[in-house]
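*Asks:* from the sequence below, what's the structure:
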Amino acid sequence: MPVFGRTTAVALAIMSVLLLIPAAVDAKPRGNKGSSRPAADQDMRLKRIDCERTQCRGMLGEERQTCTYRCMSPNCFHEVYAHDELEEGEVDTERARQYAFCFKKAFRKDLEERNSKLRKEAADRRAALAQQRATASGPKIA
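*Replies:* Residues are numbered from 1 along each chain as shown. So this is what the prediction gives:
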């Protein structure tokens, strides 16, 4: 009987340690609200799907890829591919990386501009509200 008691005690000790391990791990949520895909990558993927389903529908091969890149970001397409477009069957991973970098850079710039505009609008609203409160309370009589 003592062997069973010792085994049970060891098993309980191991289970206790195992139950405490998850509590010790710092499980912070990701900055992009739990998505495993960064926002720029997700935006690029969604734009690609949208372009393939709309403007580039019915096209095949390099024609479709060229159309998709042009649709997703005309500026990046011009910067990376305009001087020497892809030929049928050509795989150019270096330019594909350059295009993705350009797209993500433009995405971050647009996002920063939108955030800056929102911050300015919020500051303007706070200032107007403070002005309105100051005017509504009227002059203070001493």
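*Asks:* what's the burial count for residue 107?
*Replies:* By other Cβ atoms under 10 Å, 19 other residues sit near residue 107. C-betas here are computed from N, CA, C, even on glycine.
*Asks:* quick check, pLDDT for it.
*Replies:* Residue 107 is assigned 90 on the pLDDT scale.
*Asks:* which stretch of helix or strand covers it?
*Replies:* helix 93-137 (DSSP states H and E).
*Asks:* now residue 84, what's its secondary structure?
*Replies:* With DSSP: H, G, I helix; E, B strand; the rest coil as the basis, residue 84 sits in coil.
*Asks:* hmm, back to that, remind me what the helix holding residue 107 packs against, helices and strands.
*Replies:* When contacts are defined as 3 or more Cβ pairs under 8 Å, 6 or more residues apart in numbering; DSSP states H and E, helix 93-137 packs onto helix 39-53, helix 74-80.
*Asks:* what's the average pLDDT for the shortest one?
*Replies:* What helix 74-80 shows for mean pLDDT is 93.
*Asks:* quick one: buried residues of that helix?
*Replies:* By neighbour count on 16 or more other Cβ atoms under 10 Å, the buried set for helix 74-80 is 76, 77, 80.
*Asks:* just curious, which of these is nearest to residue 110?
*Replies:* Nearest to residue 110 among the buried residues of helix 74-80: residue 76, at 12.3 Å, using Cβ to Cβ.
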